[in-house]
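[1] What shape does this take:
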Amino acid sequence: MPTLTRLAAMALFGALTFYIGTRYQLLFEEPPESFGANLFLALVASFIGWSFVGVRIGASYVQAFSVVIQGYIATLLLALFLYGFYDAFTQGYAMRYKDLGEAVDGVFGAAIDHLQRMMDQDFLILLLIVALVLTFLLTTIFRLAEARRLDL
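    You can find the predicted model right below:
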């Protein structure tokens, strides 16, 4: 059922993840000039915000923080899976992968490279700050809009 909390989770998750994607690109030695990857990441995050985070947000800030962290992990896993699927087909079509095993190795190698790049201390602090801001905003929206509707 569409609610204001789900809508806010979709919009905030997408917008803040676009910002996080932009900051992630700065971790590359030669940052990409295109924002296509950021837009893709924002769309995945918006989907997770609507379908997973917005449904589970409640009146508790601690519980909401846990949900936001789970949402970011789900966004990361889904984005890596979809990117790997795309990469396996495009690289296979370009004849860079000879068989399925080589494609799977390439996908896991790319995922590990991304995860290692994310282990920058400043980037992880940014993720924590964004998660805290999202927790505060989404829980406050729930308390103002949804609690009245649900008589909590």
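[2] if we look at the host helix or strand of Leu134, which residues are touching it?
    Element membership of Leu134 [criterion: DSSP states H and E] is helix 121-141. Contacting residues not belonging to helix 121-141 are listed as 4-5, 8-9, 12-13, 16, 19-20, 23-24, 27, 53-54, 57-61, 64-65, 68-69, 72, 118 [CB atoms under 8 Å, 6 or more residues apart in numbering]. (Glycine included, C-beta is placed from N, CA and C.)
[3] swap the cut-off to 6 Å and go again
    By CB atoms under 6 Å, 6 or more residues apart in numbering, the residues outside helix 121-141 that reach it are Thr5, Ala8, Ala9, Leu12, Leu16, Arg23, Ile57, Tyr61, Ala64, Phe65, Val68, Ile69.
[4] for stretch 63-78, same thing?
    With CB under 6 Å, 6+ apart as the test, stretch 63-78 has contacts from Val44, Ala45, Ile48, Phe52, Val53, Arg56, Ile57, Ala131, Leu134, Thr135, Leu138, Thr139.
[5] follow-up on the earlier one: most widely separated two among the contacts of helix 121-141?
    By the measure CB to CB, Thr5 and Arg23 form the most distant pair in those, at 26.1 Å.
[6] And the two? Which one has more around it.
    Ranked by neighbour count (other CB atoms under 10 Å), Thr5 and Arg23 place Thr5 first, with 25 against 15.
[7] ok, now how distant is that one from Val53?
    Noted for Thr5: a distance of 9 Å to Val53, by CB to CB, to the nearest Å.
[8] Leu115 now?
    According to CB to CB, Leu115 stands 21 Å off from Val53.
[9] Between these two, which has more neighbouring residues?
    Per other CB under 10 Å, whichever of Leu115 and Val53 has more neighbours is Val53, with 27 against 11.
[10] Pop out the phi and psi values for that one.
    Phi and psi for Val53, reported as degrees, to the nearest 10, are phi -70, psi -50.
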